[in-house]
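In: How does the following fold in three dimensions:
(one chain, ligands or ions: 3)
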Amino acid sequence: MSQSLTIRRPDDWHLHLRDGAMLQAVLPETARHFARAIIMPNLVPPVVTGAQAGAYRDRILAALPEDMDFAPLMTLYLTEDTDPEDVAAAHASGLIKAVKLYPAGATTNSASGVRDFDKVRGVLERMAEIGLPLCVHGEVTDAEIDIFDREALFIEWVLDPIRRDTPGLRVVMEHITTKNGVDYVKANAQDLGATITTHHLIINRNHILVGGIKPHYYCLPVAKREEHRLALRAAATSGDARFFLGTDSAPHTDPLKESACGCAGCFTATNTMSLLAHVFEEESALDSLEGFTSRNGPAFYGLPVNEGSLTLTKGDAVSYPDKIDTGDGPVTVFDPGFPVHWHVTA
Ligand SMILES: NC(=O)N[C@@H](CC(=O)O)C(=O)O
Ligand SMILES: [Zn+2]
Ligand SMILES: [Zn+2]
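Out: Residues are numbered from 1 along each chain as shown. Ligands and ions are numbered 1, 2, ... in the order given. Now for the predicted structure:
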């Protein structure tokens, strides 16, 4: 008898859809399985104002195939010039569900991010008052700091001071990659959650570098040592409601990835649910999958769980495309390096 599992329809709490031809091509890959996603604002130029977020939401909805049901949850890109009143109005109208903090220079399209955290104090205080979450790319950017230490030091040097200075600020540590991140969430009961990506549950830093460099495994924050991957797996499968799925599915075309200076990002929208079922089964935690993908995120964001459901069935190895064709060029789908047997069947 084939094994199957039905869960509430999942959401993705950290997603890059880009714009234009890329948006058109990658949106169905997410909307096929996910009901909602927190949409990252790191376009070029970034989505900074409520008006820009509204226009971007309209472009996403216009790109959505008619037979698909998907709600984009919009965010604003925090800059040192962000107007607290514009943020509050975009939140009050229901348009935005979070504000995104990129330390300047930390990742793809982060040049307009924050350098001087004192300059965003007013916005953060306003967000604490109105209960609007701050999503954080948590890495320090100091050139002398080793790239593998950037997340742990961000927690100590930046995040913890911000949270102490801004009581009541709700924070999502995005795409955590370290045991330090897991431990910080666990030690802070109040107002703190974290997203975990699919790929950081699967690869450690060896996968990127051993036997030849694998540009499609390069993302930021970069995958860490095996002990950190195991800590992420334990957190994701623990049932602790503060951890939820944010795929960080981040499409870049193959020429931009397979390059002497390749872009950061793994594209996992296509096969994430199959991969997660595989991981949760390996951890003997299939009964925690629904919490991670479909319940913990809505609970943190104060939203209802989805009405629909998604069924996964175990069978022959799943076949999914190696690449998605886009008007901008091919985008390689994340290859875990092993066969997965969980099919999304309904
Ligand atoms: N994660 C990544 O490696 N890349 C993301 C940016 C981000 O989420 O930091 C992107 O926009 O390509
Ligand atoms: Zn990021
Ligand atoms: Zn991201």
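In: Could you list the contact residues of the stretch 201-346 of the chain toward ligand 2?
Out: Contact residues, the stretch 201-346 of the chain versus ligand 2 (Cβ under 5 Å from the ion): none. Bear in mind the C-beta positions are built from the backbone N, C-alpha and C, glycine included.
In: What parts of the stretch 201-346 of the chain come near ligand 1?
Out: Within the stretch 201-346 of the chain, the positions adjacent to ligand 1 are 219-220, 248, 250, 264-265 by Cβ under 6 Å from any ligand atom.
In: so for stretch 46-55, what's the average pLDDT?
Out: Across stretch 46-55, the average pLDDT comes to 98.
In: what do you get for stretch 252-262?
Out: 98.
In: Tell me the gap between it and the middle of its chain.
Out: Mean C-alpha position of stretch 252-262 versus that of the full chain (Cα atoms, centre = their mean, to the nearest Å) differs by 21 Å.
In: what comes up buried for that stretch?
Out: Buried positions in stretch 252-262, judged by neighbour count with 16 or more other Cβ atoms under 10 Å: 252-253, 256-257, 262.
In: Give me the helices and strands touching the host helix or strand of Met273, please.
Out: If you go by DSSP states H and E, Met273 is part of helix 272-282. Packing partners of helix 272-282 (3 or more Cβ pairs under 8 Å, 6 or more residues apart in numbering; DSSP states H and E): helix 226-237, helix 289-290, strand 309-314, strand 342-344.
In: mind running it again at 10 Å?
Out: strand 4-8, helix 226-237, strand 243-245, helix 289-290, strand 309-314, strand 342-344 (3 or more Cβ pairs under 10 Å, 6 or more residues apart in numbering; DSSP states H and E).
In: Just say which of these is most tucked in.
Out: Greatest average neighbour count among the helices and strands packed on helix 272-282 goes to strand 243-245 (a mean of 28), per mean count of other Cβ atoms under 10 Å.
In: packing partners for that one?
Out: Looks like strand 243-245 contacts strand 11-15, helix 179-187, strand 192-196, helix 226-237, helix 272-282, helix 296-301 (3+ Cβ pairs under 10 Å, 6+ apart).
In: Distance from that strand to the middle of the chain?
Out: Its chain's average C-alpha position is 9 Å from that of strand 243-245, according to Cα atoms, centre = their mean.
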